[in-house]
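Undergrad: build me a structure from this.
(2 chains)
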Amino acid sequence: MTPKKTNEEEELTFEEEIEKKAAEEKGKAKAAAEEEGRRRRSLPTLLRGFRDILPDEQGKWNLLRDTIRQVADAYSFDRIELPILEKTDLFTRTIGKQSDIIQKEMYVFEDQAGDKVALRPEGTASVARAYINHGMLNLPQPVKLWYLGPMFRHDRPQAGRYRQFYQVGFEMIGSNEAIVDAQLIVLAHRILKDIGIPITVQINSIGTPECRREYLVELTNYFRPFRKKLNEDDKRRLQKNPLRILDSKDPVVLELLTGAPQIVDWLDEVSKAHFMKVLEFLDEAEVPYALNPYLVRGLDYYTHTVFELWEDGDGGELAQNALGGGGRYDGLLELLGGRPTPACGFAMGLERIVRSMAERNIDPPARPASKVFFAQLGDAARRVGLRLFEEFRKAKIPVAEATGKNSLKAQLEVANKLGVSYTLILGQKEVLDGTIIIRDMDSGAQEIVDIKKVTSILQRKLEQSEGVNPLSHTPVADQKQGTGITIE
RNA sequence: GUGCCUAUAGCAUAAUGGUUAGUGCGCCGGGUUGUGGUCCCGGUAAUGAGAGUUCGAUUCUCUCUAGGCACCCCA
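TA: Numbering: from 1, shown residues only, chains lettered A, B, ... in the order given. A predicted model of the protein is given here:
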């Protein structure tokens, strides 16, 4: 019985060998696919709306930050560094409970002590808080501050919109003069102009809370008869925040708006005079602006002047074309419990500016690459190399190397890619002789020199080839770009 | 948060309801045991995830995820 069965089995196995093998292969393939799926699922991923700013982009960021700092210095603004985490309360009190920022975009949580905290969605509230906390009302007014750092809003990501994004902001606290509003706008325009982005300032005045209240009644009354024609969004706006209906994109509303009351007609005399002065200053400073009666801002604390910085379009308009915005916020300090203190400020989104720089091919001048590469063979050479590097650093000769590569061939390949003029070669033999090889990378000619004299010889060679002192003070680590001057 | 579009190696791309998913760039190595560029050879690495339809799915369907666009809103 057993033999027979064995025969059958053998027979079967034989007949179905190929099929069986195929099935096995398939099983293996499936298992491998599942394994791959597991591996992929376990890979770390970025949080939605968060991003890495890679070395390739750093040149633009550095150029932008350097420009910002230069303009800030020129207008004698002082830098302030503010915490990323604040009490939730700070923002809910200032930005406005109705705003989307508070309603759905703010990252809020309780910390270990049970304090309700929030990742800052903007910077102005923190600046105002700092002004109060540190008694800055005792400083000469207006206090001029600027900040730069990441902000957080849980919005749906889009091009030029991220959940963590960088803002630079300028605030002038303690003066209600129109020149303050104007100077901030001039400054914003200056930064973007220096970068190379043409803009037009969209500007409007929303007056004091009092005249705004009257205007809102009027505006609501105007739209009431047309209520049925409005879409859901606009109905909601009319109820919750009527001012917002002014920047509706619905054609029906746009049509209706032409006949709607405009806020400028409801401004009191003081507000009107203030606004006129701001515009006169802008004329004087030759900042291109456009009166925009429909411009309103999302944050509750604004009064009087409001403005946005719109990139001049070349037809290919993008939704996120506002590079920044701001305005006067005379009530904010008092709202936080400070003395009544007039103030004005604006913020710009760095990602949007960098994006525009990319579209316009705006880049920092390429950093002169290292002119010298140092190839080391073996540990003895590496030991000597450590000392030599110190010498080069003191002589301000930027020297590149390929840490971690062993063969001379591989090191020369890197030297070639970096485009250096000279490669220093230090091997066992040279270490013993107290010499080093200098290879001219263009001609391929090599000379053996006393290692003690290599620094001075190199210096002479580099000066000859450049005429001027070509040596930047930049570190060798990043060969690609960057200005070396870096803030933030 | 709502609607629409998209998803192939690190990047750029090709192709397909059916054997091993092709190419270029990059990266690594060899041709050259201590000598770069050009060239030649080799290697590396991908159908975003899950489920369904099917004998068979990277391709068709659904869900999820991510990105883009428009809206909401905003920088």
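Undergrad: residue of the stretch 51-200 of chain A nearest RNA strand B, please.
TA: A:Ala159 (2.7 Å; Cβ to the nearest atom of the strand). Where C-beta positions appear, they are placed from N, C-alpha and C, glycine not excepted.
Undergrad: from RNA strand B, how far off is the residue nearest to A:Asp100 when sequence neighbours are not counted?
TA: By the measure of Cβ to Cβ, 6 or more residues apart in numbering, the closest residue to A:Asp100 outside its immediate chain neighbours is A:Gly298, 7.2 Å from it. Separation of A:Gly298 from RNA strand B (Cβ to the nearest atom of the strand, to the nearest Å): 1 Å.
Undergrad: contacts only, for A:Gly298.
TA: Residues counted as contacts of A:Gly298 (Cβ atoms under 8 Å, 6 or more residues apart in numbering) are A:99-101, A:244.
Undergrad: list, out of those, those positioned next to RNA strand B.
TA: Near RNA strand B, judged by Cβ under 7 Å from any atom of the strand, the entries from these are A:99-101, A:244.
Undergrad: I'd like the residues you listed as JSON lines, with neighbour count and pLDDT appended.
TA: JSON lines is the format used below for the ones next to RNA strand B among the contacts of A:Gly298 (neighbours: other Cβ atoms under 10 Å; pLDDT from 0 to 100):
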{"residue": "A:Ser99", "neighbour count": "20", "pLDDT": "80"}
{"residue": "A:Asp100", "neighbour count": "14", "pLDDT": "82"}
{"residue": "A:Ile101", "neighbour count": "20", "pLDDT": "84"}
{"residue": "A:Arg244", "neighbour count": "18", "pLDDT": "85"}
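Undergrad: related to what we said a few turns ago, the residue of the stretch 51-200 of chain A closest to RNA strand B against A:Arg355, yeah?
TA: Yes: with contacts defined as Cβ atoms under 8 Å, A:Ala159 counts as touching A:Arg355 at a distance of 7.3 Å.
Undergrad: list the helices and strands the strand or helix carrying A:Glu351 packs on?
TA: For A:Glu351, the host element (DSSP states H and E) is helix A:350-359. Applying 3 or more Cβ pairs under 8 Å, 6 or more residues apart in numbering; DSSP states H and E, we find helix A:350-359 packed against helix A:55-74, strand A:164-173, helix A:178-195, strand A:322-328.
Undergrad: I would like the residues contacting it, please.
TA: A:57, A:60-61, A:63-64, A:148, A:159-162, A:165-168, A:192, A:195-197, A:311, A:320, A:322-324, A:362-363.
Undergrad: return stretch A:227-243 as CSV; C-alpha atoms alone will do.
TA: The C-alpha atoms that make up stretch A:227-243 are tabulated as CSV, following Å, rounded to 0.1, in the frame of the first residue of the first chain:
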residue,chain,number,x,y,z
ARG,A,227,-30.3,87.3,-0.3
LYS,A,228,-31.9,84.6,-2.4
LYS,A,229,-29.5,85.1,-5.2
LEU,A,230,-26.5,84.5,-3.0
ASN,A,231,-24.7,81.2,-2.7
GLU,A,232,-24.2,79.5,0.6
ASP,A,233,-20.8,80.9,1.3
ASP,A,234,-21.9,84.5,0.8
LYS,A,235,-25.0,84.0,2.9
ARG,A,236,-22.9,82.8,5.7
ARG,A,237,-20.5,85.7,5.3
LEU,A,238,-23.4,88.2,5.3
GLN,A,239,-24.4,86.8,8.6
LYS,A,240,-21.0,86.2,10.3
ASN,A,241,-18.7,88.7,8.8
PRO,A,242,-20.3,90.9,6.2
LEU,A,243,-17.1,92.7,5.3
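Undergrad: next one: that stretch to chain centre, how far?
TA: Relative to the centre of its chain, stretch A:227-243 is centred 34 Å away, using Cα atoms, centre = their mean, to the nearest Å.
Undergrad: then stretch A:271-279?
TA: Mean-position distance between stretch A:271-279 and its chain equals 33 Å (Cα atoms, centre = their mean).
Undergrad: list the buried residues for that stretch?
TA: For stretch A:271-279, burial by neighbour count (16 or more other Cβ atoms under 10 Å) applies to A:271-272, A:274-275, A:277-279.
Undergrad: that older thread, possible to save the contacts of A:Gly298 as TSV with secondary structure?
TA: Shown next, in TSV, are the contacts of A:Gly298 (DSSP: H, G, I helix; E, B strand; the rest coil):
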residue	secondary structure
A:Ser99	coil
A:Asp100	helix
A:Ile101	helix
A:Arg244	helix
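Undergrad: you'd agree A:Leu238 is in a helix?
TA: Yes: under three-state DSSP, A:Leu238 falls within a helix.
Undergrad: that one contacts A:Leu230, correct?
TA: Yes: using Cβ under 8 Å, A:Leu238 is in contact with A:Leu230, at 6.9 Å.
Undergrad: can you pull the residues that touch both of the two?
TA: What both A:Leu238 and A:Leu230 touch, as defined by Cβ under 8 Å, 6+ apart, is the set A:Phe223.
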